[in-house]
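S.K.: Need a 3D model of the following:
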Amino acid sequence: MRTGTAGSPLPLRRVLAQTRFETVTVLRNGEQLLLAVILPLIALFALSRTSILASLGGADAAAGGADAAQTATAGVLGLAVASTAFTGQGIQTAFDRRYGVLRQLATTPLGAGGVIAGKLGAVLCVLSVQTLLVLGCAAALGFSAAPVSWPGLVLSLLAGAAALVAWGVLMAGTLRPEATLAVANLLWVLMAVAGGLVLARDGVWGTVVGLLPPGALGDALRSAVTAGTVDWASLAILLLWALLGGLAARRWFSFD
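M.R.: Numbering: from 1, shown residues only. Purely as a prediction, here's the structure:
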């Protein structure tokens, strides 16, 4: 069914057009491309081909071994999700909000719901490109697809993206763009270093971060990539955070 003025495109076509625009914007942005693609690939090479994982207890094999490649791939996929769904999308949304782009789009036939749907679609498109690139490069570094639970991997990526994009959009809709830029980049570093996204954490800290989105995403990806299992508990945690973030964004997000 058509909505709006005569001859206007179907709502789905409007959302797809916005998704295409958002995706191209990300891929043409040098800063976002660095964060979304270049840095994760550098991290993949470093974790797979140096003794970093072994020194941190993240892999049983020597540097460059199969265990290192599997663990590094799981961690870098988590970084890819965080860079696109949280940091990249949060920063882009914050500056779109400052310059009035969100408000203008919300008053068009696309509507506020179409704007958000387009951003979510762009996250999924960019994440698909990231995943293919990471897996392709990982294969050249010793990654094996044999032990991977592909349903677990896909569910982990989708649930992680949903949770992180919800909180990234909430941050962008409540903070000033400069604050969003600083906080988003700082949190990306903290998620990678101490948040359980790249390496599992032991003890009380491991239990705490396992209940937060980055830790739950890291646990889910490691289970899928290294153990070949689906970590339903971590997926449930991610979906809960996605629901809470979505409700909070609906309540407090401001287009102005």
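S.K.: Just to check, residue 184 is in contact with residue 170?
M.R.: No. In this structure residue 184 lies outside contact range of residue 170 using Cβ atoms under 8 Å: 11.6 Å. (Each C-beta comes from the backbone N, C-alpha and C, glycine too.)
S.K.: Low-confidence ranges, the stretch 51-200 of the chain, go.
M.R.: Low-confidence segments of the stretch 51-200 of the chain, defined by pLDDT under 70, are located at 54-66.
S.K.: what about the strands in it?
M.R.: For the stretch 51-200 of the chain, no strands turn up when DSSP state E, counting those that start in this stretch is the criterion.
S.K.: Can you tell me how far residue 75 is from residue 83?
M.R.: In this structure, residue 75 and residue 83 are separated by 13 Å, where distance is defined by Cβ to Cβ, to the nearest Å.
S.K.: Let me fix that, I meant to ask about residue 43.
M.R.: Counting by Cβ to Cβ, the separation of residue 43 from residue 83 is 10 Å.
S.K.: what about those two, which has more around it?
M.R.: In this comparison of residue 43 against residue 83, neighbours counted by other Cβ atoms under 10 Å, the higher total goes to residue 83 at 26 against 19.
S.K.: need the contact list for that one.
M.R.: If you count contacts by Cβ atoms under 8 Å, 6 or more residues apart in numbering, residue 83 has them with 35-36, 39-40, 130, 188.
S.K.: Apply 10 Å and report the result again.
M.R.: By Cβ atoms under 10 Å, 6 or more residues apart in numbering, the contact set of residue 83 is 32, 34-37, 39-40, 89, 126-127, 130, 164, 184, 188, 191-192.
S.K.: so how far is residue 105 from it?
M.R.: Between residue 83 and residue 105 the computed distance is 24 Å (Cβ to Cβ).
S.K.: now residue 45
M.R.: From residue 45 across to residue 105, the span is 39 Å (Cβ to Cβ).
S.K.: Name the residue in the two with the higher neighbour count.
M.R.: For residue 45 against residue 105, the residue with the higher neighbour count under other Cβ under 10 Å is residue 105, and the figures read 19 against 16.
S.K.: My understanding was that the more buried one contacts residue 99; is that so?
M.R.: No. The pair residue 105 and residue 99 fails to qualify as a contact (Cβ atoms under 10 Å) at a distance of 11.4 Å.
S.K.: circling back: who touches both of residue 43 and residue 83?
M.R.: Counting by Cβ under 10 Å, 6+ apart, the residues touching both residue 43 and residue 83 are residue 192.
S.K.: biggest helix in the protein by residues?
M.R.: helix 111-140 (DSSP state H).
S.K.: buried stuff in that helix?
M.R.: The neighbour-count check on helix 111-140 (16 or more other Cβ atoms under 10 Å) flags 111, 114-127, 129-131, 133-135, 137-138 as buried.
S.K.: Just name whatever secondary elements that helix is in contact with.
M.R.: Contact analysis of helix 111-140 by 3 or more Cβ pairs under 10 Å, 6 or more residues apart in numbering; DSSP states H and E lists helix 11-28, helix 39-49, helix 66-81, helix 89-98, helix 101-106, helix 150-172, helix 232-252 as its packing neighbours.
S.K.: Redo those as TSV? Include distance to residue 221.
M.R.: Supplementary listing: the helices and strands packed on helix 111-140 in TSV, determined by distance: least, Cβ to Cβ, whole Å:
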stretch	distance to residue 221
helix 11-28	22
helix 39-49	13
helix 66-81	4
helix 89-98	19
helix 101-106	31
helix 150-172	5
helix 232-252	9
